[in-house]
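Asker: need a 3D model of the sequence below.
(4 chains)
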2 protein chains.
Amino acid sequence: MTGRAAAGAGPRPKTPLLPGEIRRPALPAGRDRRAGEIIAAARRILESEGPEALTMRRVAGELGIQAPSLYKHFPGKAAVEAELIVSAMTEIGEMTHRAIHRPRPYSRLMALLRTYRQYGLANAALYRLATQGSLARDLLPPGLEEWAGNPWSVVTGDQALVQALWSFAHGMVILEIDGRYPPGSDLNLTWRAGGAAFERHAALE
Amino acid sequence: MTGRAAAGAGPRPKTPLLPGEIRRPALPAGRDRRAGEIIAAARRILESEGPEALTMRRVAGELGIQAPSLYKHFPGKAAVEAELIVSAMTEIGEMTHRAIHRPRPYSRLMALLRTYRQYGLANAALYRLATQGSLARDLLPPGLEEWAGNPWSVVTGDQALVQALWSFAHGMVILEIDGRYPPGSDLNLTWRAGGAAFERHAALE
DNA sequence: CCTCTATGGCTAACATCGTTAGCTCAAGTA
DNA sequence: TACTTGAGCTAACGATGTTAGCCATAGAGG
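Answerer: Sure, this is the predicted structure:
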């Protein structure tokens, strides 16, 4: 429900790139209108009723049609899910790129972490879908994955530290979504502690 | 296939506890023999053929019986999976407790990370099962989860840092299992970098 | 204006999944 | 000997993803 960020209105003025930042790859043209309605319905269902409710019959029902008709627009459920994953990665990429440009009261690294967490929690089911299990990279627009992960590189010089930081962030988000922390944990504190550890370490190169 | 660690032979001599360490809770007595065979078969299938192969019919077939017969021993598939999760948590707990006792060439924190990673990779499908999605805590022996997570507390004083460290480790393992890192990444380096960041931060309290 | 074709619906059906109901048969046990 | 219990069986149900094949409608070409 937080999403919808991708539907930009016209070519906005290109802000200058930060050192190491890359520009978003051109996304392939959108599919036909009905396909768009299908993934919108799928997303609505996923987020409001959870992953087990995301069935082809349920999605079709949302549009007032029968399940087999969906196959006129998508080759299978996996393709619908792939499209959802593309949405998620696009939105995360946009939000995190924006975050490192305008970190405001925080350091860039902390702003990135906060934004990432916020997106994950606000789109929990979608985040989980996009993030767990092995990724069907062949169904993704080329360059998207790299671009979405780019802010992490911008914020931290070293490749190893980039991956470590992202792993930390992902672990935090997914464990929080799944309710794995002991009840009553102050996760704000945990984010701060982890962020501080990486920040300090990055400063010492 | 690495597992099998839980089947201890006799009460081994109790090693003294580290500061902050807790003793393993008494596990409820094992179920009947057939139930044991069922979860053993389930584990074999899970690890050798992946999660989608773990069906009730497949498990039953492995034992030469029909699927509905499984329900004489378990109330449902969720119960079988819960038992697998208990195995995983028990084994992880044992290995990590051992690791912080005998870190040998590493610091305790690094030894813990190495052991955790090693278990996760050696039992990838099981680790995923035990770790993703929301946990049915009511099907777990009381105290098990806390005991399994205890080594992380022993190694790091601060509660927030404990959770941050564990999140990092889990993120690393699950992303490595799912093949999410760019191909060719040197993950040994990443583990070292993250571990160093936390170690340094912990040292400065 | 007629025809032809592509689009996007539809129903029927299949295999697989978890699961339930109800039967049977052997092994103890009173 | 009769009765209960344990542990298997078959048949079946409902849900899932998916395929096959039919039909109507809209637009293009003659």
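Asker: average model confidence for stretch A:119-133?
Answerer: Mean pLDDT, stretch A:119-133: 97.
Asker: and for stretch A:25-42?
Answerer: The model assigns stretch A:25-42 a mean pLDDT of 90.
Asker: can you list the domain ranges for chain A.
Answerer: What automatic domain parsing lists as the domains of chain A is A:27-74, A:81-203.
Asker: can you say which of these is nearest to DNA strand C?
Answerer: Closest of those to DNA strand C is domain A:27-74, at 3.3 Å (criterion: C-beta to the nearest atom of the strand). For the C-beta atoms, the positions are set from N, CA and C on the backbone; glycine is no exception.
Asker: follow-up on the earlier one: just the domains of chain A: most buried one?
Answerer: domain A:81-203 (a mean of 19; mean count of other C-beta atoms under 10 Å in any protein chain shown).
Asker: near chain B, anything from it?
Answerer: Yes. Using C-beta under 8 Å from any C-beta of the partner chain, domain A:81-203 reaches chain B at A:132-135, A:146, A:158-161, A:163-172, A:174-175, A:178-182, A:185-187, A:189-194, A:196-198, A:200-201.
Asker: quick one: the domains of chain A as CSV, columns for distance to residue B:39 too.
Answerer: Below are these laid out as CSV (distance: least, C-beta to C-beta, whole Å):
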stretch, distance to residue B:39
domain A:27-74, 24
domain A:81-203, 23
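Asker: so residue A:103, which state does it fall into?
Answerer: coil (DSSP: H, G, I helix; E, B strand; the rest coil).
Asker: return the residues in contact with it.
Answerer: A:110, A:111, A:112 (C-beta atoms under 8 Å, 6 or more residues apart in numbering or on different chains).
Asker: now with 7 Å?
Answerer: residue A:111 (C-beta atoms under 7 Å, 6 or more residues apart in numbering or on different chains).
Asker: any idea which residue of chain A lies closest to chain B?
Answerer: Taking C-beta to the nearest C-beta, chain B has its nearest neighbour within chain A at residue A:171, 2.9 Å off.
Asker: which of the helices or strands spans that residue?
Answerer: Per DSSP states H and E: residue A:171 is located in helix A:159-177.
Asker: next SSE after that helix?
Answerer: Helix A:159-177 is succeeded, C-terminally, by helix A:187-203 (DSSP H and E).
Asker: output the contacting helices and strands for that next one.
Answerer: Packing partners of helix A:187-203 (3 or more C-beta pairs under 7 Å, 6 or more residues apart in numbering or on different chains; DSSP states H and E): helix A:108-122, helix A:159-177, helix B:159-177, helix B:187-203.
Asker: could I get it in PDB with only the CA atoms?
Answerer: What follows is helix A:187-203 as a C-alpha-only set of coordinates in PDB (Å, rounded to 0.1, in the frame of the first residue of the first chain):
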ATOM      1  CA  LEU A 187      14.600  -3.300  17.800                       C
ATOM      2  CA  ASN A 188      15.200   0.400  17.300                       C
ATOM      3  CA  LEU A 189      18.100  -0.100  19.700                       C
ATOM      4  CA  THR A 190      19.300  -3.100  17.800                       C
ATOM      5  CA  TRP A 191      19.300  -1.300  14.500                       C
ATOM      6  CA  ARG A 192      21.200   1.500  16.000                       C
ATOM      7  CA  ALA A 193      23.800  -0.900  17.500                       C
ATOM      8  CA  GLY A 194      24.300  -2.800  14.300                       C
ATOM      9  CA  GLY A 195      24.400   0.400  12.300                       C
ATOM     10  CA  ALA A 196      27.000   1.900  14.600                       C
ATOM     11  CA  ALA A 197      29.200  -1.100  14.400                       C
ATOM     12  CA  PHE A 198      29.300  -1.000  10.700                       C
ATOM     13  CA  GLU A 199      29.700   2.700  10.600                       C
ATOM     14  CA  ARG A 200      32.600   2.700  12.900                       C
ATOM     15  CA  HIS A 201      34.200  -0.100  11.100                       C
ATOM     16  CA  ALA A 202      33.800   1.600   7.700                       C
ATOM     17  CA  ALA A 203      35.300   4.800   9.100                       C
END
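Asker: and the angle for it with helix B:187-203?
Answerer: 110 degrees (axes from the mean of the first three to the mean of the last three C-alpha atoms, to 10 degrees).
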